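Engineer: Return a 3D structure for these sequence lines:
(one chain, ligands or ions: 2)
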Amino acid sequence: MAYTRQTIAPEEIARQEEICARIAARLCADGARPLAMVDTYGCQQNEADSEKLRGYLAEMGCGFTSDEFAADIIVVNTCAVREHAEMRVLGNVGALNHTKKAKPSQIIALCGCMVQQEHMAEKIKKSYPIVDLVFGPHELWRFPELLETVMTRHKRVFAADKNDGAVAEGIPLRRDGAVKAWLSIMYGCNNFCTYCVVPYVRGRERSRLPEDVAAEAKELVAAGYKDITLLGQNVNSYGKDLEGGVDFADLIRMINDIPGDFLIRFMTSHPRDATEKLFRTMAECEKCAKHIHLPVQSGSDRILKLMNRHYDRAKYLAEIETARNLMPDLVITTDIIVGFPGETEEDFEETLSLCEEVRYDAMFTFIYSPRVGTPAAKMDDPFTRADKQKRFDRLTELSNRISGEKHAAYEGKRMRVLVDGETGKAEYNLSARTNGGRLVHLRGDPALIGQFIEVTITASNTWALYGKIV
Ligand code: SAH
Ligand code: SF4
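Structural biologist: Ligands and ions are numbered 1, 2, ... in the order given. As a prediction, this is how the structure comes out:
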């Protein structure tokens, strides 16, 4: 495919930051301290985007609140992957009627994947008059400009036109937390799995330059971050749109070469193009966490074909075998869709048997949700919601059993974990992660947050491990 990667010029971002300064002068007149709230739904990419929204809002002089009545500006960063997420957004936005009534000057903005869909933007326009600003993922870089238009012209602004997307460097970031960081390495998706809305709302695959990614990783390490997750809808496609032939495995190696004690994680990896080179690189790079999230979606070849996943069960299992041969302790997690249109009992049994065969450390399971404009939404779907729920419950039961067994095998082991936060609970006040990303509850001094420490695992359940500091 002939394809030119679009970039946003640095002067454009500088212009946005000038607008932030103008907005700050307006909002902070007479010493006022405006408050903003950013409410995020969906995936890690959205969380990373919200850090950019907060970066801009901080430059506008805003402090942050989680109280929607106190906020002067509310930004809801939405998700469109399943209907459930959209319903939650619409419910919560509906509830903002009360806050806007109490504070008529409040500005309410909706952004992200949900509003990039034409039918949703229309729905917001017609049925949610309290929403002042709507912008899709491709317009995030010019959020300040859009917000200023709302403020100065006192009109509603809608900016979610069809767009392949671009790469914008230099947007200010305000990260959540000081131990773990998201690092976007690419945007968009070209895979067009038949059930998925992402390629329609996030545009075509486009990679950041390796030097930009490496520079940001260096900054993170220098700032003391210990756990860096490289983000993309399909990180295995990284670099395909760049000159110079750098691929994802090369990028991992570049980041692994940065001096310092930290972990590299990544998501998501598509089984279609997870290569032996990738697994070998993971094995060889000492900073790369030995965890892979490799969404299989289904164990049935018939369904995988209908999903347009470009791999079959045998190829998937061969990848797992290669990866485990290179990394015997590899933690493997997955996503599974239950009740894809026309999925029969036999198809579902194949998913169950694949899960038994792989023995995932954790599984993220979803009931299929039809998405407007996707091919799967037009496929015949003879099974009822109740049928699908029954299958879903069986899969959950299997998943919980295997996770519980896998976790039990950690008991008595001594391991290195990264302490990443407080739990708010008295008995186990700290949370930590193993190299493979399993959650460990501990009791200890909060000063340990951000440190790698040795623990012995003393107990476990389906969801977590419990440990004692050595
Ligand atoms: N790019 C990632 C995942 C993006 S969406 C990947 O390819 O793995 C995250 C997960 O949501 C998917 O792996 C899939 O399991 C689930 N999902 C996506 N669309 C869905 C739909 N229409 N209904 C139910 N689950 C869906
Ligand atoms: Fe959606 Fe498939 Fe792209 Fe993942 S790879 S975002 S599931 S289309």
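Engineer: what sits against the residue of the stretch 351-470 of the chain found nearest ligand 2?
Structural biologist: Using C-beta to the nearest ligand atom, T374 is the residue of the stretch 351-470 of the chain that sits closest to ligand 2, at 9.0 Å. (Each C-beta comes from the backbone N, C-alpha and C, glycine too.) Going by C-beta atoms under 8 Å, 6 or more residues apart in numbering, T374 touches T194, Y195, C196, V197, Y200.
Engineer: if I look at W182, how far off is ligand 1?
Structural biologist: W182 sits at a distance of 15 Å from ligand 1 (criterion: C-beta to the nearest ligand atom, to the nearest Å).
Engineer: Count the neighbours of the residue nearest to that residue when sequence neighbours are not counted for me.
Structural biologist: The spatially closest residue to W182, leaving aside those adjacent along the chain, is A48, at 4.1 Å (C-beta to C-beta, 6 or more residues apart in numbering). A48: 19 surrounding residues under other C-beta atoms under 10 Å.
Engineer: any idea which element A48 lies in?
Structural biologist: Following DSSP states H and E, one finds A48 within helix 44-59.
Engineer: close to ligand 2, is that helix?
Structural biologist: No - contact of helix 44-59 with ligand 2 (C-beta under 6 Å from any ligand atom) is absent, the minimum separation being 9.6 Å.
Engineer: After that helix, heading C-terminal, what element do we hit next?
Structural biologist: strand 63-64.
Engineer: which strands and helices sit next to that following strand?
Structural biologist: strand 35-40 (3 or more C-beta pairs under 8 Å, 6 or more residues apart in numbering; DSSP states H and E).
Engineer: Pop out the phi and psi values for the residue of the stretch 351-470 of the chain closest to ligand 2.
Structural biologist: phi -90, psi 150 (degrees, to the nearest 10).
Engineer: Quick check: the gap between it and C43.
Structural biologist: 17 Å (C-beta to C-beta, to the nearest Å).
Engineer: How about R438?
Structural biologist: 20 Å.
Engineer: With just CA atoms, put the helix or strand harbouring L398 into CSV.
Structural biologist: Assigned by DSSP H and E, L398 belongs to helix 385-408. Extracted as CSV, the C-alpha positions of helix 385-408 are listed here (Å, rounded to 0.1, in the frame of the first residue of the first chain):
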residue,chain,number,x,y,z
ARG,A,385,-27.5,-13.5,24.6
ALA,A,386,-28.4,-16.1,27.2
ASP,A,387,-26.5,-18.8,25.2
LYS,A,388,-23.5,-16.6,25.1
GLN,A,389,-23.6,-15.7,28.7
LYS,A,390,-23.6,-19.5,29.6
ARG,A,391,-20.5,-20.0,27.4
PHE,A,392,-18.9,-16.9,29.0
ASP,A,393,-19.5,-18.3,32.5
ARG,A,394,-17.9,-21.6,31.5
LEU,A,395,-14.9,-19.8,30.1
THR,A,396,-14.6,-17.6,33.2
GLU,A,397,-14.7,-20.7,35.4
LEU,A,398,-11.9,-22.3,33.4
SER,A,399,-9.9,-19.2,33.4
ASN,A,400,-10.2,-18.7,37.2
ARG,A,401,-9.3,-22.3,37.8
ILE,A,402,-6.1,-22.2,35.7
SER,A,403,-5.1,-18.8,37.1
GLY,A,404,-5.6,-20.1,40.6
GLU,A,405,-3.4,-23.2,39.9
LYS,A,406,-0.7,-21.1,38.2
HIS,A,407,-0.7,-18.7,41.2
ALA,A,408,-0.5,-21.6,43.7
